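**Q** please find the sequence and the predicted model below.
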Amino acid sequence: MNTDNMKTFDYYKKSKLLERWDIIVAVILVLALAAVLLITFLPAEGSEVEIYKNGQLIAVYPLNENRAFNVGAMRIEIFDGKVSVVESDCPDQLCVHAHSIFTAGSVIICVPNKVVVKITGKTEVEGITQ
Amino acid sequence: MKKNTKKIAVLGILTALALIIGFVENMLPPVFAMVPYARLGLSNIIILLVLVIYDIQEGLIVLAIKIVLLAVLSGNPSMIIYSFAGGMLSILTMWLLTFMHKNSLAAISAVGGAMHNIGQVAVAALVTKTAAVFIFLPHLMLFGSLAGILTGVVCHIVVKRVIKPDFLK
């Protein structure tokens, strides 16, 4: 047995259940956890735009190609990786005033026209549990 | 010579213990119902104990044998790569911390638990080529540290009460 072993063993033989330095360890752990939480739950990049009308998927477009198209009386534009509704015949114009969306999972909904614009991305968690 | 023989015998017993603890733990239902894939990692008690009474070389040997044999025993060889990544990361950080003589075993074990999950998830992300598995990391790390505290406390009790003061002499 080398003497280092003896020192370590002796130290833990005499150590208390919690030591003063544990506070620092706890703080580091909590900070690390917070950092991981922040990183993992930052919005993921979207890849495709799904258009639903009356709850049914009617079109899918890639987010990285600029285009504009009509869904009924609504005009939807994909520009610079962002989607926005530029024109609509609905009374409140909420969908037109909504911010343009670009992250996976975000949606623009026009209730009077029953249209949902949704961005999908690679955030679906695959079932890796084992 | 005599000491060496004793050490080999003790390491053999501890390896067997780590193995059987891991095996029984695999058969038990999940502890935290919310996260069924989170395990207590009870064999960490043995790994930490080896680090305390011996050193990193002995710890690595026990860990490696335990991982390979446990994977074979539970008929799931694909888990070797995950356990290995997690186990190595965890044992190295725990060794650094035990070496510093500053923290309690509970805190060291908590860090070890968190590192184990980081290693596992990182390898899972590499193997499946999906960064999305990192979504598991926050709660795995949380439960990993909690489980680590538990195993650390058990190890503390073992060091204090079970191992005799003249064990290494």
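**A** Looks like it arrived, so ask away.
**Q** quick one, what contacts the residue nearest to the spatial centre of chain B?
**A** Chain B has B:Asn44 as the residue nearest its centroid, 2.9 Å off, counting by Cα atoms, centre = their mean. For B:Asn44, the contacting residues are B:90, B:109, B:112-113, B:116, B:148, B:151, B:155, by Cβ atoms under 8 Å, 6 or more residues apart in numbering or on different chains. (Glycine included, C-beta is placed from N, CA and C.)
**Q** can you do 10 Å?
**A** Neighbour list for B:Asn44: B:18, B:21-22, B:63, B:87, B:90-91, B:94, B:109, B:112-113, B:116, B:147-148, B:150-152, B:154-155 [criterion: Cβ atoms under 10 Å, 6 or more residues apart in numbering or on different chains].
**Q** kindly report the same for A:Trp21.
**A** Counting by Cβ under 10 Å, 6+ apart, A:Trp21 has contacts B:97, B:100-104, B:107.
**Q** in the biggest helix by length in chain B, what counts as buried?
**A** Identified as the longest helix of chain B according to DSSP state H is helix B:2-27. Using 16 or more other Cβ atoms under 10 Å in any protein chain shown as the test for burial, helix B:2-27 gives B:11, B:14-15, B:17-19, B:21-22.
**Q** so how far is chain B from A:Leu33?
**A** 6 Å (Cβ to the nearest Cβ, to the nearest Å).
**Q** circling back to that earlier point, out of the contacts of B:Asn44, which touch chain A?
**A** B:113, B:148, B:152, B:155 (Cβ under 10 Å from any Cβ of the partner chain).
**Q** any figure for the gap between the last one and A:Ala98?
**A** Applying Cβ to Cβ, to the nearest Å, one obtains 55 Å for the distance of B:Cys155 from A:Ala98.
**Q** ok, now B:Met100?
**A** Separation of B:Met100 from A:Ala98 (Cβ to Cβ) stands at 54 Å.
**Q** who has more neighbours, the two?
**A** In this view B:Met100 and A:Ala98 are compared by other Cβ atoms under 10 Å in any protein chain shown, and A:Ala98 has more residues nearby, 17 against 12.
**Q** I'd say that one and A:Cys90 touch.
**A** No: counting by Cβ atoms under 10 Å, A:Cys90 is not a contact partner of A:Ala98; they are 11.8 Å apart.
**Q** between these two, which contacts overlap?
**A** Among the neighbours of A:Ala98, those also in contact with A:Cys90 (Cβ under 10 Å, 6+ apart) are A:Cys110.
**Q** quick one: low-confidence ranges for chain B?
**A** Of all residues in chain B, those with pLDDT under 70 make up the ranges B:1.
**Q** for it, what spans make up the strands?
**A** For chain B, applying DSSP state E gives no strands.
**Q** what ranges do the helices span in it?
**A** Going by DSSP H, chain B shows helices at B:2-27, B:44-53, B:56-73, B:79-100, B:105-128, B:137-157.
**Q** one step back: and the longest helix of chain B with helix B:44-53, angle?
**A** For helix B:2-27 against helix B:44-53, the angle by axes from the mean of the first three to the mean of the last three Cα atoms, to 10 degrees is 160 degrees.
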